[in-house]
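In: coordinates only, sequence not included:
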């Protein structure tokens, strides 16, 4: 009995899946534009300096509010980095080019949000020494502080990436992005400031856990919600 | 997307008149007839407006959220007109709530703003809604404007309870402060009258405002010049 | 099919059938609706009225399927300024789930092999156009939609475009090309479609089109 035997030998699949492909692109782009991140860091450090002038030379006051200043500085800096992350996509309409390949919109969102999150975490970490010096806000619990910064940055990045996508092509993008983003991230800001404060100044009543919980819940809700809605936002 | 249908019946005007009558009656009762509250005095009378405004505001926020979700699922611009009305009226009510809260706080606590969780979350949502209204001003394409503001409205509305809880926790570290509460049953009649009154007025305003939005959209999405299907004049090779 | 931008209808009342494996020239003045039509076929935008189908796939309902078999060469280059030519194509290859080894040959085909590792920011308009072509070739489309393919190119570039179109056709693809270069296109295309103010006003053999509307001949 003879049979036509067709053996399909699939080539070894070395090609990445949608999220990996998008992530590789984002990280490469971030590496290429790292000079800009440097400029944003200087902006953030300058903001921290200005805040200290607004308070005056009271060491106690500076130390008490150091967490708030750090997060305000990071929030202001985020409007720059988030906007820039979409400027490169709209410059030559590269985002549309990817969507037409076709590329999965959700994967594109999460890759961009992850990249923005990494960038903000890095920025936050870089601002910590500035905070320590200007406000005498040192702490020995550095890993915990970095974890809090990472969680807070995630809260900024998810909705920030979505709104940056929306406002990228609008005339008033510089005003609209913060206008839309700031009211939204109030819970994340509150929780991040509180948690950071507790790490720096001490946590006698053990509240850190509940604030980190709030932050984590906020992150979870917004990473899922924004990912779900992104497809509709970048549709033409 | 197709232009939305705009209804023309007079019912909203009826509601408006009825609502104003109820509001007038309830306010008169609350301001002049009902005795002053035992502990807080005349300042407490603001509750007769504040509490109904707060209830109605919650209804409007839910209405906006519902309209936003409906639009995303049904792609019918009439939901966008309703959402636009909800956003504007919701912003107005939120602003009124903040003013009422400040008016109550100053004589009671000596400060204009007391970081009460309810008022603070109202203020945050006020800014969120104003931001969405600003966004709408800058997007020309009606479909894109509708989609984006629907997405933003959903995100802002879901944020509201989270803001409330975070401010509540944050506040619990400071002294407990509260905004006016309903107390004894003698105060129920003016409260209920005002609640119905404000609700009727707001429903009427929502209906009328969404009609305005509908008319504007119809103008923007006018019919095309008559379609002419041209006959090909040559053979395709 | 119809499509509007605010109060202006860019396409109105267009009905068209295009056979497979041909090259079609899309002609008409600026603002005639050529780009809009191409973008609708590429699923970059949706028609407001009516619909289009490509190989049986509907551009609105089966968008993903249409995108898999079409490729658009748009006015905008879809490039990332800070990446090199090679990297730009690698990003495309990754998203297409194709191996990166295809990038080199694509660059060679468009004559950019020597500039492969230079950042796009340093490229001239003509080089960017060539890179856009390489990008299109990577997609291996069954329907290639070219919006002003000759734009920004020099005469050797024109020949490149003709070669690319020829190689696409050899592979069995259909090519729809919107262009102002009437004569050149008429020589390499099989048929022509002329639009004016969003309406189809003439359709026929490409060679005949020249005779039909001489005032548009460049």
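Out: Structure received. On a predicted model such as this, the values are computed, not experimentally measured, just so you know.
In: Lowest mean pLDDT among the helices and strands of the chain, which one is it?
Out: No chain in the question, so chain A it is. Taking mean pLDDT, DSSP states H and E as the measure, chain A has helix A:59-64 as its least confident helix or strand, at a mean of 90.
In: meant chain C, my bad for not saying
Out: Per mean pLDDT, DSSP H and E, strand C:8-11 ranks last in chain C, at a mean of 66.
In: next helix or strand past that strand?
Out: Later in the chain than strand C:8-11, the nearest helix or strand by DSSP states H and E is strand C:23-27.
In: can you map out the strands along chain A?
Out: Applying DSSP state E to chain A gives no strands.
In: do the same with chain C
Out: Going by DSSP E, chain C shows strands at C:3-5, C:8-11, C:23-27, C:53-54, C:57-58, C:70-73, C:143-147, C:174-178, C:191-196, C:199-205.
In: Out of those strands, name the one with the poorest average pLDDT.
Out: Of all the strands of chain C, strand C:8-11 carries the lowest average pLDDT, namely a mean of 66.
In: quick one, what contacts the single nearest residue of chain A relative to chain C?
Out: Per C-beta to the nearest C-beta, residue A:97 is where chain A lies closest to chain C, at 2.8 Å. Yep, even glycine has a C-beta here, placed from its N, CA and C like the rest. By C-beta atoms under 8 Å, 6 or more residues apart in numbering or on different chains, the contact list for residue A:97 reads C:74, C:76, C:78, C:79, C:92, C:135.
In: what helix or strand is the residue nearest the centre of chain B on?
Out: The centroid of chain B falls nearest to residue B:90 when counting by C-alpha atoms, centre = their mean (1.9 Å). Using DSSP H and E, residue B:90 sits within helix B:77-109.
In: could you point out which element follows that helix?
Out: helix B:117-138.
In: Could you name the helices and strands sitting against that next one?
Out: helix A:173-184, helix B:47-74, helix B:77-109, helix B:142-171 (3 or more C-beta pairs under 8 Å, 6 or more residues apart in numbering or on different chains; DSSP states H and E).
In: that older thread, what's the helix holding residue B:90 packed up against?
Out: Judged by 3+ C-beta pairs under 8 Å, 6+ apart, helix B:77-109 is in contact with helix B:47-74, helix B:117-138, helix B:142-171, helix B:188-220.
In: What residues of that helix count as buried?
Out: For helix B:77-109, a neighbour-count test (16 or more other C-beta atoms under 10 Å in any protein chain shown) marks B:77-94, B:96-98, B:100-101, B:104-105, B:108 as buried.
In: tell me the contacts of the residue of chain C found nearest chain A?
Out: Relative to chain A, the nearest point of chain C is residue C:78 (2.8 Å; C-beta to the nearest C-beta). Applying C-beta under 8 Å, 6+ apart to residue C:78 gives the contacts A:92, A:93, A:94, A:96, A:97, A:98, C:132, C:135.
In: Distance-wise, check the third one relative to residue B:140.
Out: Summarising the geometry, the distance separating residue A:94 from residue B:140, computed by C-beta to C-beta, to the nearest Å, is 23 Å.
In: For these two, work out which one has more neighbours and name it.
Out: residue A:94 (22 against 11; other C-beta atoms under 10 Å in any protein chain shown).
In: Kindly provide the distance from the nearest residue to residue A:102 once chain neighbours are set aside to residue C:178.
Out: Nearest non-adjacent residue to residue A:102, counting by C-beta to C-beta, 6 or more residues apart in numbering or on different chains: residue C:67, 3.7 Å away. Residue C:67 sits 19 Å away from residue C:178, going by C-beta to C-beta.
In: Residue B:27: which element?
Out: Per DSSP H and E, residue B:27 falls inside helix B:11-28.
In: which other residues reach that helix?
Out: In contact with helix B:11-28 (C-beta under 8 Å, 6+ apart) are residues B:48-49, B:189-205, B:207-208.
In: one more time with 6 Å, if that's ok
Out: Contact with helix B:11-28 is made by B:190, B:193, B:194, B:196, B:197, B:200, B:201, B:203, B:204, B:207, B:208, as judged by C-beta atoms under 6 Å, 6 or more residues apart in numbering or on different chains.
In: Nearest to chain C, out of the residues you listed: which one, please.
Out: residue B:208 (25.6 Å).
In: From residue B:59, how far off is the residue nearest to that closest one when sequence neighbours are not counted?
Out: On the basis of C-beta to C-beta, 6+ apart, the spatially nearest residue to residue B:208 that is not a chain neighbour turns out to be residue B:12, at 5.2 Å. Residue B:12 sits at a distance of 16 Å from residue B:59 (criterion: C-beta to C-beta).
In: picking up where we left off before, now the residue of chain A closest to chain C: how far from residue C:67?
Out: Residue A:97 is 11 Å from residue C:67, by C-beta to C-beta.
In: With residue B:28 instead?
Out: Residue B:28 sits 65 Å away from residue C:67, going by C-beta to C-beta.
In: Between those two, tell me which one has more neighbours.
Out: For residue B:28 versus residue C:67, neighbours defined as other C-beta under 10 Å are more numerous around residue C:67 (23 against 13).
In: pLDDT score assigned to that one?
Out: 94.
In: from what I can see it touches residue A:99, true?
Out: No - using C-beta atoms under 6 Å, residue C:67 is not in contact with residue A:99; the gap is 7.8 Å.
In: Let me see the contact set for the closest residue to residue B:90 other than its chain neighbours.
Out: Among residues not flanking residue B:90 along the chain, residue B:60 sits closest, at 4.4 Å (C-beta to C-beta, 6+ apart). Residue B:60 makes contact with B:86, B:89, B:90, according to C-beta under 6 Å, 6+ apart.
In: Touching, residue C:150 and residue C:181? I think so.
Out: Yes - counting by C-beta under 6 Å, residue C:150 touches residue C:181, with 4.9 Å between them.
In: chain center to the helix or strand of chain B with the lowest mean pLDDT: distance?
Out: When each helix and strand of chain B is scored by mean pLDDT, DSSP H and E, helix B:11-28 comes last, with a mean of 87. Relative to the centre of its chain, helix B:11-28 is centred 18 Å away, using C-alpha atoms, centre = their mean, to the nearest Å.
In: orientation of that helix relative to helix B:47-74 in degrees?
Out: Put simply, helix B:11-28 runs at 150 degrees to helix B:47-74, going by axes from the mean of the first three to the mean of the last three C-alpha atoms, to 10 degrees.
In: related to what we said a few turns ago, can I get the contacts of residue A:97 in CSV including distance to residue A:189 and pLDDT?
Out: Below are the contacts of residue A:97 laid out as CSV (distance: C-beta to C-beta, whole Å; pLDDT from 0 to 100):
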residue, distance to residue A:189, pLDDT
C:74, 40, 93
C:76, 37, 93
C:78, 36, 95
C:79, 37, 96
C:92, 38, 95
C:135, 42, 95
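In: from the residues you listed, which is closest to residue C:11?
Out: residue C:74 (16.8 Å; C-beta to C-beta).
In: where does the closest one fall, phi/psi-wise?
Out: phi -100, psi 180 (degrees, to the nearest 10).
In: Where does pLDDT dip in chain A?
Out: A:1-16, A:236 (pLDDT under 70).
In: For residue A:178, give me its contacts.
Out: Counting by C-beta under 6 Å, 6+ apart, residue A:178 has contacts residue A:79.
In: ugh, wrong one, residue C:26
Out: Counted by C-beta under 6 Å, 6+ apart, residue C:26 has contacts C:34, C:178, C:193.
In: just the helices in the chain please.
Out: I went with chain A, as the question did not name one. For chain A, applying DSSP state H gives helices covering A:18-32, A:34-55, A:59-64, A:66-90, A:94-99, A:105-135, A:142-167, A:173-184, A:186-201, A:208-234.
In: I was after chain C.
Out: Using DSSP H, the helices of chain C run over C:34-41, C:63-69, C:85-95, C:103-109, C:125-139, C:155-170, C:182-188, C:206-212.
In: need the ones you listed in CSV with distance to residue A:32, can you?
Out: Compiled in CSV, the helices of chain C are given as follows (distance: least, C-beta to C-beta, whole Å):
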stretch, distance to residue A:32
helix C:34-41, 29
helix C:63-69, 27
helix C:85-95, 9
helix C:103-109, 18
helix C:125-139, 17
helix C:155-170, 28
helix C:182-188, 38
helix C:206-212, 44
